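Student: any chance you can model this:
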Amino acid sequence: MPPWRWWEVVRALVVSRLVLYLVKRGGELLWFTRIDMADFGYSLANLEQAAMRFAAVQLVATYAALLGQCAGLVIRRYGGSFADVGWHARCRPGWFVAGAVLGAVQGVLTYLGARWWYGYVPPSWYYTGAFGPPVAWWPAFHLLYGAVLPPIGEEIAFRGMLFPALRCRVTTTGAIVFSTAAFVVWHLPWQLHGPSLVGIAAHGVIACLFVSRSGSLLPAVVLHSCNNAFCLLCSYSIH
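Tutor: Numbering: from 1, shown residues only. You can find the predicted model right below:
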């Protein structure tokens, strides 16, 4: 039984989203009140690149806060390690293969579902340069924060900490339902269209089953990473 409580994990998630909000609002305040930004002679290409840097800072700050909150609970407060949340490879190798294959399938299906729902690819899923030449570093960073940072931070928080904490209070099925619902709420309001919400909910359920059956968090991280990576790669190559 984990020493942390479910509400402590929820608090960590709320603090992380608060960091995102404060960074976003603070950046907007400093950005839009600058005289040079209000000057119509300011280069739109430079403005676009500044916006991308601003988005990068927001996302890195959010997941740094989430990992910091989780580490604070597991390591500093309760004297444990990330192995206590399942961050170990003590499971059959087949779970990693299954995570990679199923994640890739999920990512492609989510992309196709969004393409069918909208009739086009959601613009936030790729970036090609709206005003000027593309920001060359953005696709690589997009994959970094899409396929690396969320799989690590979110799997530790939701499947490594919240899911087992809920299992101590309710049945395994109830823990899957509640942790998946929290996972969906975490992604709002960014993912409001049907296929993406369905994909997020399906991933929450499957990731919980992976962790429960394998005894390790890492297959769920592989599942999450491949899901996000293939969805983004399809968006960049087929949009």
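
Student: ok, the residue most central in space within the chain to R90 distance?
Tutor: Geometric centre of the chain, nearest residue: P150, 3.2 Å, by C-alpha atoms, centre = their mean. Counting by C-beta to C-beta, to the nearest Å, the separation of P150 from R90 is 24 Å. The way it works is simple: take the backbone N, C-alpha and C, and place the C-beta from them, glycine included.

Student: so how far is L143 from the residue nearest to the centre of the chain?
Tutor: 11 Å.

Student: check K24 too.
Tutor: From K24 across to L143, the span is 22 Å (C-beta to C-beta).

Student: quick check, the residue nearest to the centre of the chain in contact with V60.
Tutor: No. The criterion here is C-beta atoms under 8 Å, and P150 misses it with V60 at 11.6 Å.

Student: grab the nearest non-local neighbour of M52.
Tutor: Closest residue in space to M52, ignoring its immediate chain neighbours: V135 at 5.0 Å, by C-beta to C-beta, 6 or more residues apart in numbering.

Student: ignore what I typed, I meant D84.
Tutor: In space, D84 is closest to V74, 6.1 Å off (C-beta to C-beta, 6+ apart).

Student: dihedrals phi and psi, P2?
Tutor: Here is the backbone geometry of P2 (degrees, to the nearest 10): phi -70, psi 150.

Student: and it, how many residues sit next to it?
Tutor: Number of residues near P2 (other C-beta atoms under 10 Å) recorded here: 21.

Student: hey, where'd the helices end up in the protein?
Tutor: 6-32, 35-38, 44-71, 94-118, 138-147, 149-154, 163-167, 172-187, 194-214, 218-238 (DSSP state H).

Student: among those helices, which is nearest Y78?
Tutor: When the helices of the chain are compared by C-beta to C-beta, helix 6-32 sits nearest Y78, at 9.7 Å.

Student: how about that closest one, which residues are buried there?
Tutor: 6, 8-9, 12-13, 16, 19-20, 23-24, 27 (16 or more other C-beta atoms under 10 Å).

Student: what is the lowest-pLDDT residue among those residues?
Tutor: Ranked by pLDDT, the buried residues of helix 6-32 bottom out at G27 (75).

Student: picking that back up, what residues are shared contacts of P150 and V60?
Tutor: Common neighbours of P150 and V60 are not found (criterion: C-beta atoms under 8 Å, 6 or more residues apart in numbering).

Student: follow-up on the earlier one: how close does the residue nearest to the centre of the chain sit to V177?
Tutor: 21 Å.

Student: of the helices of the chain, which is nearest Y126?
Tutor: Of all the helices of the chain, it is helix 218-238 that lies closest to Y126, at 4.4 Å by C-beta to C-beta.
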